[in-house]
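1. The following block contains a protein sequence and its predicted model.
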Amino acid sequence: MPFLQGLKPKKPLNKPSNWPSFLFKDKAHKHVVIKMQLDSLSKTPSPLPPDHKVSAEWEKKAALVSSKTDLTTLLSDELLLRVFSKLPDSQRNPNSLVCKRWLHLQGRLVHSVKLLDWDFLFSGRLLLRFPNLTDVDLVAACIDSPRSSGILLTHKFLSVHLDSDFSPCEFVPEKNLLPPASIDGGLRVIAQGCPNLRKLVLNAATESGLSSVAEECPTLQELELHRCTDVLLRGISACKNLQILKLIGTVDGFYSSVVSDIGLTFLANGCKRLVKLELSGCEGSYDGIKAIGQCCHMLEELTLCDHRMDGGWMAALSFCGNLKTLKLQSCKRIDLTPGPDEHLGSLRTLERLQLQRCQLRDQQSMKSLMLICEAVREMVFQDCWGLDNEMFSFASHCRRVKFLSLEGCSLLNTDGLESVLLSWKELQRLRVVSCNNIKDSEVTPALSSLFSVLKELKWRPDSQSLLLSGLAGSGVGKKGDKFFKRL
């Protein structure tokens, strides 16, 4: 039509959006709508007549009202604990901040605690927060050290904060230790609140405090006593089920206490189910080791760290009839007067001998040690000063060795190693690391032939060693199912 030619067609009007689609486009509006829906659910449902059958929808609404929009309250504690136990450790602390209930439940999953504040234990808050503890370390809490100090001294046994006027001869003076009455009170709290305690680490404990723990915690199996004394060990007899014990007497610069044959005798008569025993900085002699060997028939592992034993103590090792592992760590000497060879005896059941950071300077003591350990199957030397060809030659007495590990033994050369290895007919695995005097160029055909029948060889005496790469493709290893490993 002519009068309509100049008019443009109108655009069709868009269909107006309904309210839900409009509101849910905006995230803020979406939360408002959800809040309104929850508020509507929070209203108490209309009461139903007694004879009316309750519908599933009404039950759901009633549950939501009672939970106040927290759906986790519908789950039992046991179910939540199962869920929390599956989460990684990195999420445990954030989870405990959600609410008081989650904080309490997360505390029930904690079984190991290293305490730093003694008042936290003495007030009872520790056991209220963590009611299911089985492993408690009280060493740091027993030392009154300045937490605000910027000087932190770390030892393999503990870490302490130091004042600026500390003495290099005594990092933990007597005045910095808690009084015995406070320690006994804290131990009574532990004894009453942790009936399932399995491991306890103490510092400067008393006989009465240790006895209270032993009587109230029958499941105690592992105990570590710092600054231990003979008197303290009188109270250890009540630990009937103790299996792992670590005694720390003297630590240069930290502790200065005495564990002698008297304490070792108390230990032997009181802990007859011991399986592992470590003596660090302890004194003693033949009598103390003999008492342990005669009374602790289940002892399988004995460790001596920086020992201060009198001469002749090694001869008592033969009384440990079931000993399988013997470790010497950081010892300045082994035994300067071991006595005649015919009186030494031997450890028939020994499987592993390990020497770490020991000073091997006395030939007679080294020879006596090898005679006592002649039945050993695994031998480990790590960072031992003084282990040269002559000292290592005494290892030839141990003809049943199947595994040898040498690390950081810089005085031993290829000739000394070869003379012992060729005398061992049962050797199956060899590990040589950071022994700079052992050279690839000095490996003889006899030693190469021995390498070819080993099941495992880890050869890296120095950074220049190319033996393993040179053996590739040469056929070595086909005879004995051998694996070469490069560090």
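-> Looks like it arrived, so ask away. Residues are numbered from 1 along each chain as shown.

2. Show the low-confidence segments of the chain, by residue range.
-> 1-70, 146-148, 150, 157, 164-170, 466-487 (pLDDT under 70).

3. got the domain boundaries for it?
-> As recorded under automatic domain parsing, the domains making up the chain are 58-109, 113-427.

4. can you tell me the distance between the two ends of the last one?
-> Start and end residues of domain 113-427 are separated by 44 Å (C-alpha to C-alpha, to the nearest Å).

5. Likewise for stretch 290-310?
-> First-to-last residue span, stretch 290-310, C-alpha to C-alpha: 13 Å.

6. what's the burial count for residue 372?
-> Per other C-beta atoms under 10 Å, the neighbour tally for residue 372 reads 25. Any C-beta I mention is one placed from the backbone N, CA and C, and that applies to glycine too.

7. and it, backbone torsions?
-> Torsion angles at residue 372 (phi, psi; degrees, to the nearest 10) stand at phi -70, psi -30.

8. same check, this time on residue 397
-> According to degrees, to the nearest 10, residue 397 has phi -70, psi -20.

9. Give the burial count for residue 163, as a bare number.
-> By other C-beta under 10 Å, 11 other residues sit near residue 163.

10. about what we covered before: any idea which of the domains of the chain is most buried?
-> Per-stretch averages of neighbours, counted by mean count of other C-beta atoms under 10 Å, single out domain 113-427 among those, with a mean of 18.

11. Report the distance from that one to the chain centre.
-> Remark: domain 113-427 is offset 14 Å from the chain centroid, using C-alpha atoms, centre = their mean, to the nearest Å.

12. same deal with stretch 451-463?
-> Centre to centre, stretch against its chain (C-alpha atoms, centre = their mean), the figure for stretch 451-463 is 30 Å.

13. all numbers from here: first residue = 478
-> With 478 as the first residue, the last one maps to stretch 928-940.

14. which ones are touching the residue nearest to residue 733 when sequence neighbours are not counted?
-> Spatial nearest neighbour of residue 733, excluding adjacent residues (C-beta to C-beta, 6 or more residues apart in numbering): residue 727 at 5.5 Å. With contact set as C-beta atoms under 8 Å, 6 or more residues apart in numbering, residue 727 has these partners: 733-735, 758-759, 783, 785.

15. let's go with 7 Å and repeat that
-> Residues in contact with residue 727 (C-beta atoms under 7 Å, 6 or more residues apart in numbering) are 733-734, 758.

16. mind listing the helices in the stretch 678-827 of the chain by residue range?
-> 684-693, 738-747, 763-772 (DSSP state H, counting those that start in this stretch).

17. possible to save the ones you listed as a markdown table with distance to residue 578?
-> Shown next, in a markdown table, are those (distance: least, C-beta to C-beta, whole Å):
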| stretch | distance to residue 578 |
| --- | --- |
| helix 684-693 | 30 |
| helix 738-747 | 44 |
| helix 763-772 | 50 |
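
18. So which of these is nearest residue 619?
-> helix 684-693 (10.9 Å; C-beta to C-beta).

19. quick check: angle from that closest one to helix 738-747?
-> Relative orientation of helix 684-693 and helix 738-747, computed by axes from the mean of the first three to the mean of the last three C-alpha atoms, to 10 degrees: 10 degrees.

20. Which strands or helices does helix 684-693 pack on?
-> The helices and strands touching helix 684-693, judged by 3 or more C-beta pairs under 7 Å, 6 or more residues apart in numbering; DSSP states H and E, are helix 657-670.

21. Residues in contact with the helix it packs on: which ones?
-> If you take C-beta under 7 Å, 6+ apart as the criterion, helix 657-670 is touched by 595, 598-599, 601, 604, 613, 619, 674, 681-683, 685-686, 689-690, 693-694.

22. for stretch 731-742, same thing?
-> Outside stretch 731-742, the residues touching it (C-beta under 7 Å, 6+ apart) are 632, 648-649, 703-707, 710, 724-727, 759-762, 764-765, 768-769.

23. mind listing the strands for the stretch 778-927 of the chain?
-> 778-782, 785-786, 802-806, 829-833, 855-859, 880-884, 906-910 (DSSP state E, counting those that start in this stretch).

24. strands paired with the shortest one, and their directions?
-> Same thing as strand 785-786. strand 760-761 (parallel) (DSSP bridges).

25. what does the third one give?
-> Each strand pairing with strand 802-806, determined using DSSP bridges, is listed with its direction: strand 778-782 (parallel), strand 829-833 (parallel).

26. swap in the fifth one?
-> Paired neighbours of strand 855-859 in the sheet (DSSP bridges): strand 829-833 (parallel), strand 880-884 (parallel).

27. what angle do that strand and strand 906-910 make?
-> 0 degrees.

28. ok, now the third one?
-> Taking the same axes, to 10 degrees, one finds that strand 802-806 is oriented at 10 degrees with respect to strand 906-910.

29. what does strand 802-806 contact?
-> Contact partners of strand 802-806, identified using C-beta under 7 Å, 6+ apart, comprise 777-782, 811, 827-835, 850.

30. what residues are up against residue 588?
-> Applying C-beta under 7 Å, 6+ apart, the residues near residue 588 are 609-612.

31. how does it look with 10 Å?
-> By C-beta atoms under 10 Å, 6 or more residues apart in numbering, the residues touching residue 588 are 607, 609-613, 673, 675-676.

32. just to revisit the earlier point, could you dump the strands paired with strand 855-859 to CSV with distance to residue 898?
-> Putting the strands paired with strand 855-859 into CSV (distance: least, C-beta to C-beta, whole Å) gives the following:
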stretch, distance to residue 898
strand 829-833, 16
strand 880-884, 8
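
33. circling back to that earlier point, let me have the strands of the stretch 778-927 of the chain in a markdown table, extended by distance to residue 573.
-> Formatted as a markdown table, those follow (distance: least, C-beta to C-beta, whole Å):
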| stretch | distance to residue 573 |
| --- | --- |
| strand 778-782 | 38 |
| strand 785-786 | 46 |
| strand 802-806 | 39 |
| strand 829-833 | 40 |
| strand 855-859 | 41 |
| strand 880-884 | 43 |
| strand 906-910 | 44 |
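
34. how close does residue 799 sit to residue 705?
-> Plainly put, residue 799 is 25 Å away from residue 705 if you go by C-beta to C-beta, to the nearest Å.

35. for the residue nearest to residue 747 when sequence neighbours are not counted, what are its contacts?
-> Among residues not flanking residue 747 along the chain, residue 714 sits closest, at 2.9 Å (C-beta to C-beta, 6+ apart). The neighbourhood of residue 714, defined by C-beta under 10 Å, 6+ apart, consists of 688, 691, 743-744, 746-749.

36. any idea how far residue 714 lies from residue 750?
-> Counting by C-beta to C-beta - residue 714 and residue 750 are separated by 12 Å.

37. Same question for residue 825.
-> Residue 825 is 22 Å from residue 750, by C-beta to C-beta.

38. Between its first and last residues, how far does stretch 885-904 reach?
-> End-to-end distance (C-alpha to C-alpha), stretch 885-904: 21 Å.

39. Tell me which stretches of the stretch 478-627 of the chain form helices.
-> According to DSSP H, counting those that start in this stretch, the helices that the stretch 478-627 of the chain contains are 496-502, 504-519, 533-544, 554-562, 569-573, 577-585, 595-599, 602-606.
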